[in-house]
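K.L.:
need the 3D shape of this:
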Amino acid sequence: MIASMKSNSEYENFDNAMRRVLAVSKAELQRRLDAEKLANKDKPKRGRKPRTSSASGRASRDKD
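P.N.:
Next up is the predicted model:
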């Protein structure tokens, strides 16, 4: 009985969350994404730096 009460509560939480997500219109989502893209346009992108070739890397390839 406790398990069914817990799952019922979890279902209600999930259902409420999904209703809030789906309540936002596509136009609103697109407007927010466009605004975010404009805000992030000038910021430098973060990520992996390009690898620089090294002498040791060339030397190991030349052995083959």
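
K.L.:
can you tell me which helix in the chain is longest?
P.N.:
With residue count as the measure and DSSP state H as the assignment, the chain has helix 2-22 as its longest helix.

K.L.:
any idea which helix or strand comes after that one?
P.N.:
Scanning the chain past helix 2-22 towards its C-terminal end, the next helix or strand to appear is helix 26-40 (assignment: DSSP states H and E).

K.L.:
what angle do helix 2-22 and that next one make with each other?
P.N.:
With axes from the mean of the first three to the mean of the last three C-alpha atoms, to 10 degrees applied, the angle from helix 26-40 to helix 2-22 works out at 70 degrees.

K.L.:
and residue 15, how many neighbours?
P.N.:
10 (other C-beta atoms under 10 Å). From N, CA and C alone the C-beta is placed, and that goes for glycine too.

K.L.:
any idea of the pLDDT on it?
P.N.:
The model reports residue 15 with a pLDDT of 95.

K.L.:
circling back to that earlier point, what's the offset of the longest helix of the chain from the middle of its chain?
P.N.:
The gap between the average C-alpha position of helix 2-22 and the chain average comes to 24 Å, counting by C-alpha atoms, centre = their mean, to the nearest Å.

K.L.:
tabulate the CA atom coordinates of it in PDB.
P.N.:
Coordinates of the C-alpha atoms in helix 2-22 are reproduced here as PDB (Å, rounded to 0.1, in the frame of the first residue of the first chain):
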ATOM      1  CA  ILE A   2       2.900   2.400   0.800                       C
ATOM      2  CA  ALA A   3       4.500   1.600  -2.600                       C
ATOM      3  CA  SER A   4       1.200   2.500  -4.500                       C
ATOM      4  CA  MET A   5       1.000   5.800  -2.600                       C
ATOM      5  CA  LYS A   6       4.600   6.600  -3.400                       C
ATOM      6  CA  SER A   7       4.100   5.800  -7.100                       C
ATOM      7  CA  ASN A   8       0.900   7.800  -7.200                       C
ATOM      8  CA  SER A   9       2.800  10.800  -5.700                       C
ATOM      9  CA  GLU A  10       5.600  10.300  -8.200                       C
ATOM     10  CA  TYR A  11       3.200  10.100 -11.000                       C
ATOM     11  CA  GLU A  12       1.400  13.300 -10.000                       C
ATOM     12  CA  ASN A  13       4.800  15.100  -9.700                       C
ATOM     13  CA  PHE A  14       5.700  13.800 -13.200                       C
ATOM     14  CA  ASP A  15       2.300  14.700 -14.600                       C
ATOM     15  CA  ASN A  16       2.500  18.200 -13.200                       C
ATOM     16  CA  ALA A  17       6.000  18.800 -14.500                       C
ATOM     17  CA  MET A  18       5.000  17.600 -18.000                       C
ATOM     18  CA  ARG A  19       1.900  19.800 -18.000                       C
ATOM     19  CA  ARG A  20       4.200  22.800 -17.200                       C
ATOM     20  CA  VAL A  21       6.600  21.900 -20.000                       C
ATOM     21  CA  LEU A  22       3.900  21.400 -22.600                       C
END
